[in-house]
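Colleague: Requesting a structural model of the entry that follows:
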Amino acid sequence: MRVKNSPDKRNHKVENFRRYVQRSIRQLRHHRGWSQQELARRLGVDQATISNYESGKTDMSYAQMFELFLVFGKDLTGVLKLTDLEEQSPSTDEKPEKE
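Modeller: Numbers count the residues shown, from 1 in each chain. Here you go, the predicted model:
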């Protein structure tokens, strides 16, 4: 899939995605009633790491993100609906090309 748009629009979409992931982590954790410490224990990291993920100070790798959603028992593709990101962008005129 190719997205035809300017670097500014791509950067905006990337930032929307980062914020969406941060909110998703916090919402999933709250939904389970877990503290940052509890989620950190389940992932094998320290509490500060979870805080940094949720605040956006640290970006997660794909592997870390996948492991996180496995811990929550979620299907990554179901949780991160890219169409939600499109609704947040200023212009949704561009449509991805089919391959």
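Colleague: Excluding chain neighbours, what is closest to Phe72?
Modeller: Spatial nearest neighbour of Phe72, chain neighbours left out: Leu28 (4.9 Å); criterion: C-beta to C-beta, 6 or more residues apart in numbering. Bear in mind the C-beta positions are built from the backbone N, C-alpha and C, glycine included.
Colleague: Equivalent analysis for Lys57, please.
Modeller: Ser51 is the one closest to Lys57 (C-beta to C-beta, 6+ apart), at 7.8 Å.
Colleague: This protein: helices as residue ranges?
Modeller: For the chain, the helices defined by DSSP state H cover 7-32, 36-43, 47-55, 62-71, 76-79, 82-88.
Colleague: Export those helices as CSV, with columns for mean pLDDT.
Modeller: Supplementary listing: the helices of the chain in CSV, determined by pLDDT from 0 to 100:
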stretch, mean pLDDT
helix 7-32, 90
helix 36-43, 95
helix 47-55, 95
helix 62-71, 86
helix 76-79, 60
helix 82-88, 50
